[in-house]
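> after the sequence you'll find the predicted model.
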Amino acid sequence: MTNPATPLPSSLISRYHGWRATSFQENKAWYARLAEGGQHPRTMIISCCDSRVHATTIFGADTGDFFIHRNIANLVPPYAPNEDYHGTSAAVEYAVTALGVTNLIVMGHSLCGGIQGCHDMCSGKAPELEKKTSFVGRWMDILRPTYEKVAKEGGTDEEQVKRLEHEGILTSIENLMSFPFVSERVNAEELALHAVILDISDGTLEQFDQSSNSFNPI
Ligand SMILES: [Zn+2]
């Protein structure tokens with residue numbers, strides 16, 4: 001059987017040529033330095049796959065600035081060393097132990113389809129997500145205990161989803177602390193964890209504040 005990969009759509013090819021001729025050309029020295037000296041990002045960002053969440057744009061980042069991992073609903077699973085495929089845990093391990101990042105940001109966002117799906121699944125409105133074969137459903141199981149907590153507090157579905165978007169980020173921060181190589185560095189003040197959430201409608205970025213135990217606009 002031949003491999004089914006095909007050439008890129010022409011629209012992407014022309015966009016690529018545009019980048020190569022302008023931005024790449026203008027920053028050639030910087031790209032050469034990154035290639036020769038390796039990458040030394042100080043910050044890792046874990047954000048959602050959602051196309052509306054663009055961490056590099058929000059922080060005006062350059063190539064080489066951020067080590068970015070994206071997954072459905074910007075989740076970090078608990079530390080679970082076994083022989084399964086752990087893409088997110090591998091990215092965290094590499095960023096923390098090999099690159100030595102000093103900041104790790106979990107960035108959530110409003111109107112997250114993954115969080116909405118988690119709420120639908122856990123509240124019985126999306127039985128298809130309960131199936132063993134649903135990768136999204138089994139991934140969102142990470143937030144099932146957080147959903148239970150949010151649902152107990154009551155409110156409309158909309159209010160619960162909004163709280164789950166925020167609480168899910170804090171669950172990921174807690175799960176990060178279950179990785180020994182993360183908690184050791186956090187306790188030694190070599191690594192700082194940050195929880196932020198982006199409102200994709202109005203561009204507001206809120207960050208979690210320990211003293212008030214709440215997310216506040218930056
Ligand atoms: Zn999302």
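Good, I have the coordinates.

> now the strands for this protein?
43-48, 66-71, 103-109, 192-198, 205-209, 214-217 (DSSP state E).

> is the most centrally placed residue in the chain in a bridge, and if so with what?
Closest to where the C-alpha atoms of the chain average out (C-alpha atoms, centre = their mean) is residue 47, at 2.2 Å. Residue 47 has these beta-bridge partners by DSSP bridges: residue 70, residue 107.

> gap between it and the ion?
According to C-beta to the ion, to the nearest Å, residue 47 and the ion sit 8 Å apart. All C-beta spots, glycine's among them, are computed from the backbone N, C-alpha and C.

> next: residue 8.
26 Å.

> quick one: residues contacting that residue.
residue 16 (C-beta atoms under 8 Å, 6 or more residues apart in numbering).

> average pLDDT for stretch 185-205?
The pLDDT scores in stretch 185-205 average 98.

> contacts for it?
Under C-beta under 8 Å, 6+ apart, the answer for stretch 185-205 is 50, 52-53, 58, 96, 101-111, 165-166, 169-170, 172-173, 176-177, 182, 206-208, 215, 217-218.

> I figured residue 206 hits residue 216, correct?
Yes: here residue 206 reaches residue 216: they are 5.9 Å apart, a contact under C-beta atoms under 8 Å.

> can you report phi and psi for residue 7?
phi -60, psi 160 (degrees, to the nearest 10).

> skipping its backbone neighbours, what lies nearest it in space?
With sequence-adjacent residues excluded and distances taken as C-beta to C-beta, 6 or more residues apart in numbering, residue 7 is closest to residue 13, at 7.8 Å.

> separation between the one you found and residue 122?
Look at residue 13 and residue 122: by C-beta to C-beta, to the nearest Å, they are 43 Å apart.

> out of these two, which sits in the busier spot?
residue 122 (24 against 11; other C-beta atoms under 10 Å).

> let me see the contact set for that one.
Taking C-beta under 8 Å, 6+ apart as the test, what residue 122 contacts is 144, 147, 148, 151.

> 6 Å instead?
144, 147 (C-beta atoms under 6 Å, 6 or more residues apart in numbering).

> and what of residue 110?
199, 200.

> interface residues of the chain facing the ion?
The chain comes close to the ion at residues 48, 50, 112, 114, as judged by C-beta under 5 Å from the ion.

> might one say that the first one is in contact with residue 74?
Yes: counting by C-beta atoms under 6 Å, residue 74 is a contact partner of residue 48 at 4.6 Å.
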